[in-house]
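Novice: Got a predicted model here, sequence first, then my questions.
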Number of protein chains: 2
Amino acid sequence: MIKTPYLLFLGDAPDALAAKVAQGVKDWRPEYSIGQYRMDNCHADMGLPDMDFDEAVAAGVKTLVIGVANRGGVISPAWRVVLERALEAGLDIASGLHNLLADEPELVAAAALHGRELHDVRVPSVQYPIANGVRRAGKRCLAVGTDCSVGKMYTALAMEKEMVARDMKATFRATGQTGILITGSGVPLDAVIADFMAGSVEYITPDNEPDHWDLIEGQGSLYHASYSGVTMALIHGGQPDALILCHEPTRKHMRGLPDYQQPSLEELRDTALIMARIVNPDVKVVGISVNTQHLSDAESQAYLAETEKRMGLPAVDPFRNGAGRLVDALANC
Amino acid sequence: MIKTPYLLFLGDAPDALAAKVAQGVKDWRPEYSIGQYRMDNCHADMGLPDMDFDEAVAAGVKTLVIGVANRGGVISPAWRVVLERALEAGLDIASGLHNLLADEPELVAAAALHGRELHDVRVPSVQYPIANGVRRAGKRCLAVGTDCSVGKMYTALAMEKEMVARDMKATFRATGQTGILITGSGVPLDAVIADFMAGSVEYITPDNEPDHWDLIEGQGSLYHASYSGVTMALIHGGQPDALILCHEPTRKHMRGLPDYQQPSLEELRDTALIMARIVNPDVKVVGISVNTQHLSDAESQAYLAETEKRMGLPAVDPFRNGAGRLVDALANC
């Protein structure tokens, strides 16, 4: 568990896109996002109060979250000096960078000296069990996609937000780096050892109250040759009661696989149900979430209306339309 | 790659079952199995010449293969002394034990001193790529099971042996510890990091001659909640042209999962085909391999006859009947 609230480190971000992790934290956990820290030459701005580390500590901040991609894949000397100062001031540091904080001797030494923690969320920190497949109390919803990067995390976070606003019991369960930084916990599923994948998903979605929903962050796609095993482990470890189908209708081919086409929503529905029924015979597909960012308003409306009619399920773009209708479907499940 | 041929280390095996890895090597790679090394109190015997390490080196042996499970999950002081002597005599050591040779400082030091290699086949030694899904030349056959431990490795090895005897081009591709020790190479798939599972399978089944068959060792089951992700990665990384369905008809429940029943062969066939067609639209189920060890001869015959008729596919127990009819089916594929 990463301690909250956060100071968001924007570093020397060349543009807003480089700070998309910080944007995700601020969008989905505004209550964790007390301030931002920007170095000279920072071209990103979350609109949060700029704070130095002493101000942040005084404001109750516990952790500096690296909200920006680093240039060149290395933690630069300029960053390192700043991060050491954060540790000295009394902050933990959390990072989803490929190159690990734990591989920087100066930071490891400074953390030890000042009694602070370094969280590399790209690396599992738990010895996960092998999945036992035992049915758990509480309900679980999983977003499955026709492809990678079609809006599965966004969908689950939007549904959680709507459910919390309705006083429903709901918890987003992160399975990727950004999700973990946003919520402070979860499993970096793509970095888990094969035998323990499904067990790690069971671990983060334990028994719960009968009317509590876990919104499990999806990964990969059953139809993506590179990552389908990860998706399979999510379905069998997650024991979903409800599936949301996620789709991006303008893709020319599967992400990173020029020889492969996305399946139809019908194919995804049928295949996901076959696999999910193995662990939960009562599972249902309850809705469709479409990422229509590359369509005009009119095109988006037309696409969603046609999809909804064809599939007999609510079809929305949660970014444009909100997740209300998906939550309605879940509430009836 | 582990250097061959081997001296099989039987240690202080309490019984023959404890030495089943050695038995596998001797059964499937007799040409690698030059001799055996037994300590006092060894109650296993492969019927191979007993050799000390100098005799083995003189006979051309390159590697001492740990063919026995260690008691208590630790490499005992008695073993360690013997293994150090093997390194000193000029042998590499290969092991599939949970506790690693690399974690024994004395063995690491002795290997460095004598210029020998320690192979822990339970740990990946390659930085595998992410799968790219590109179709490869050559043909591939994968055994998929209704459950774990239903004879998938045995089936693939028996088919390879029969194909080699017929002068067909065939290579068993190991994906587990025992298979790697038997053949000297492969991927310990259950220990690979999630993102690289399918890529590791692509890596061990590269482009080949058009009439060459890889016999890929199966793992887990699409229907096994703990390990289905591993099976999924095998199907998508392996791009099988041919599937063999493997089954053990007397199981009361899925291995290790008392709440789960095995699927029917029909269910397995249909589900495996859906998943395999994503990467290879021409894939076919060509035969059925049944482990009938818990049935009498008459029961086995009746079960296989009924299964063959019902499924319209050759159904054999390769241990009892040989793999000839499965290879016939492959030859027509």
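Specialist: Now that the structure is in, tell me what you want to look at. Residues are numbered from 1 along each chain as shown, chains lettered A, B, ... in the order given.
Novice: can you list the residues of the stretch 151-300 of chain A near chain B?
Specialist: Proximity of the stretch 151-300 of chain A to chain B (Cβ under 8 Å from any Cβ of the partner chain) is limited to residues A:189-195, A:197-199, A:222-223, A:225-233, A:236-237, A:254, A:256-257, A:259-260, A:263, A:271, A:274-275, A:278-279. Quick note: C-beta positions are derived from backbone N, CA and C, even for glycine.
Novice: Centre of the chain to stretch A:299-310, how far?
Specialist: 27 Å (Cα atoms, centre = their mean, to the nearest Å).
Novice: Over that stretch, what's the mean pLDDT, rounded is fine.
Specialist: In this model, stretch A:299-310 has an average pLDDT of 98.
Novice: Check stretch A:239-259 too.
Specialist: On average, the pLDDT along stretch A:239-259 is 97.
Novice: swap in stretch A:88-95?
Specialist: For stretch A:88-95, the mean per-residue pLDDT is 98.
Novice: For the residue in the stretch 1-150 of chain A positioned nearest to chain B, give me its contacts.
Specialist: Closest contact between the stretch 1-150 of chain A and chain B, by Cβ to the nearest Cβ, is at residue A:133 (3.6 Å). By Cβ atoms under 8 Å, 6 or more residues apart in numbering or on different chains, the residues touching residue A:133 are A:236, A:279, B:225-226, B:254, B:257, B:259-260.
Novice: Residue A:294: how many residues sit nearby?
Specialist: When neighbours are defined as other Cβ atoms under 10 Å in any protein chain shown, residue A:294 has 11 of them.
Novice: Next: residue A:54.
Specialist: With other Cβ under 10 Å as criterion, residue A:54 counts 12.
Novice: Wait, a helix at it?
Specialist: Yes: secondary structure of residue A:54 (DSSP: H, G, I helix; E, B strand; the rest coil): part of a helix.
Novice: Now do the helices in chain A.
Specialist: Taking DSSP state H to define them, one finds helices in chain A at A:20-28, A:53-58, A:77-89, A:105-114, A:152-165, A:177-183, A:197-204, A:228-238, A:265-277, A:297-311, A:318-321, A:324-331.
Novice: Just name the most buried of those helices.
Specialist: When you average the neighbours per residue for each of the helices of chain A (mean count of other Cβ atoms under 10 Å in any protein chain shown), helix A:228-238 leads with a mean of 29.
Novice: Determine the set of other helices and strands touching that helix.
Specialist: Applying 3 or more Cβ pairs under 8 Å, 6 or more residues apart in numbering or on different chains; DSSP states H and E, one finds that helix A:228-238 contacts strand A:139-145, helix A:197-204, strand A:212-216, helix A:265-277, helix B:197-204, helix B:228-238.
Novice: between it and strand A:212-216, how many degrees?
Specialist: 170 degrees (axes from the mean of the first three to the mean of the last three Cα atoms, to 10 degrees).
Novice: Select, out of the helices and strands packed on helix A:228-238, the one closest to residue B:60.
Specialist: Closest to residue B:60 of those is helix B:197-204 (Cβ to Cβ; 26.7 Å).
Novice: residues making contact with that closest one?
Specialist: By Cβ under 8 Å, 6+ apart, helix B:197-204 touches A:194, A:225-229, B:124, B:126, B:128-132, B:136, B:173-175, B:185-187, B:189, B:192, B:216, B:229-230, B:233-234, B:236-239.
Novice: show me what contacts residue A:221?
Specialist: A:144-148, A:150, A:227-228, A:231, A:254, A:268 are the contacts of residue A:221 under Cβ under 8 Å, 6+ apart.
Novice: Go again with 7 Å.
Specialist: A:145-148, A:227-228, A:231 (Cβ atoms under 7 Å, 6 or more residues apart in numbering or on different chains).
Novice: Export these to CSV and append columns for pLDDT.
Specialist: Output for the contacts of residue A:221, formatted as CSV (pLDDT from 0 to 100):
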residue, pLDDT
A:145, 98
A:146, 98
A:147, 97
A:148, 96
A:227, 97
A:228, 98
A:231, 98
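Novice: For stretch A:183-195, give the mean pLDDT please.
Specialist: The average pLDDT for stretch A:183-195 rounds to 96.
Novice: pull the CA atoms of that stretch into CSV?
Specialist: Provided in CSV are the C-alpha atoms of stretch A:183-195 (Å, rounded to 0.1, in the frame of the first residue of the first chain):
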residue,chain,number,x,y,z
THR,A,183,-5.4,4.0,-6.1
GLY,A,184,-2.3,3.2,-4.0
SER,A,185,-2.5,-0.6,-4.4
GLY,A,186,-3.1,-3.4,-6.8
VAL,A,187,-1.1,-6.0,-8.8
PRO,A,188,1.3,-5.2,-11.7
LEU,A,189,-0.1,-8.3,-13.5
ASP,A,190,2.1,-8.2,-16.6
ALA,A,191,5.1,-8.6,-14.3
VAL,A,192,3.8,-11.5,-12.3
ILE,A,193,5.3,-15.0,-12.7
ALA,A,194,3.1,-17.2,-14.9
ASP,A,195,2.1,-19.7,-12.2
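Novice: distance between that stretch and the chain's centre?
Specialist: On Cα atoms, centre = their mean, the centre of stretch A:183-195 falls 11 Å from the chain's centre.
Novice: Repeat that for stretch A:25-43.
Specialist: Going by Cα atoms, centre = their mean, the spacing between the C-alpha centre of stretch A:25-43 and its chain's C-alpha centre is 17 Å.
Novice: now the nearest residue to residue A:96 once chain neighbours are set aside: how far from chain B?
Specialist: Here the nearest residue to residue A:96 in space, its sequence neighbours aside, is residue A:177; by Cβ to Cβ, 6 or more residues apart in numbering or on different chains that works out to 3.4 Å. Distance of residue A:177 to chain B, computed by Cβ to the nearest Cβ, to the nearest Å: 12 Å.
Novice: In this structure residue A:177 contacts residue A:97, no?
Specialist: No: Residue A:177 is beyond contact range of residue A:97, at 8.8 Å (criterion: Cβ atoms under 7 Å).
Novice: who touches stretch A:205-214?
Specialist: So stretch A:205-214 is contacted by A:136-141, A:163, A:168-171, A:173, A:216, A:238, A:330 (Cβ under 7 Å, 6+ apart).
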